[in-house]
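S.K.: Need the 3D shape of this:
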Amino acid sequence: KARAWLNGNVTGLTGINKVNLNAESYDPGSNFDIVTNYRFDVPITGYYQVNATILWANANDTKTYRTLIYVNGAHVAGIIYTSSGAANAGNTVSDVIYCTSGDYIGLYGQTDDASADFYGAAGASGWTYISVHLLSID
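M.R.: Predicted coordinates for the structure are as follows:
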């Protein structure tokens with residue numbers, strides 16, 4: 001299990017971007033890399049509960065914002081939000097994902113809004129994050 005979050009904002013985003021989660025709430029198995037790859041390295045084959053949220057700062061009217069979970073560099077789960085008005089926009093995705101030992105799980109965001117930012121205020125661990133928990137082994 002692990003929970004990692006974004007400590008600081010990331011600006012100038014369009015297209016699909018990896019969220020470089022650079023702080024941890026917990027990671028007792030040292031499976032989340034918050035320095036180089038910004039991902040959870042799966043230690044045990046099984047079913048994992050994965051929850052992720054991205055808060056998009058500076059969102060604009062009628063733009064789209066996606067929160068995406070990737071396994072081994074491929075999209076496996078996600079959610080889309082289309083804004084109505086200008087404000088911060090947050091969306092959360094949650095899924096149970098089967099992974100094998102050696103797989104890796106990462107958080108990505110996608111937008112067509114060049115002024116939107118990944119929001120991760122310093123010390124605010126609840127804005128943009130991913131949590132990964134092993135539910136059962138195969």
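
S.K.: Please count neighbours and contacts with C-alpha atoms only from this point.
M.R.: Will do.

S.K.: So in terms of bridging, what pairs with residue 107?
M.R.: Note on residue 107: beta-bridge partners by DSSP bridges are residue 69.

S.K.: residue contacts, it?
M.R.: For residue 107, the contacting residues are 18, 19, 39, 52, 67, 68, 69, 70, 130, by C-alpha atoms under 8 Å, 6 or more residues apart in numbering.

S.K.: any weak-confidence spans in the chain?
M.R.: 86, 124 (pLDDT under 70).

S.K.: which residue is nearest the middle of it?
M.R.: Centroid check for the chain by C-alpha atoms, centre = their mean gives residue 107 as the closest residue, at 3.1 Å.

S.K.: ok, that residue to residue 24 distance?
M.R.: To residue 24, residue 107 is 14 Å away according to C-alpha to C-alpha, to the nearest Å.

S.K.: likewise residue 2?
M.R.: 8 Å.

S.K.: likewise residue 9?
M.R.: Distance from residue 9 to residue 24, by C-alpha to C-alpha: 16 Å.

S.K.: more crowded one of those two?
M.R.: Ranked by neighbour count (other C-alpha atoms under 10 Å), residue 9 and residue 24 place residue 24 first, with 19 against 15.

S.K.: wouldn't the more buried one be in contact with residue 1 here?
M.R.: No: if you go by C-alpha atoms under 8 Å, residue 24 and residue 1 don't touch, sitting 11.3 Å apart.

S.K.: Not counting residues beside it along the chain, what's closest to residue 54?
M.R.: Closest residue to residue 54 apart from its sequence neighbours, by C-alpha to C-alpha, 6 or more residues apart in numbering: residue 128 at 4.4 Å.
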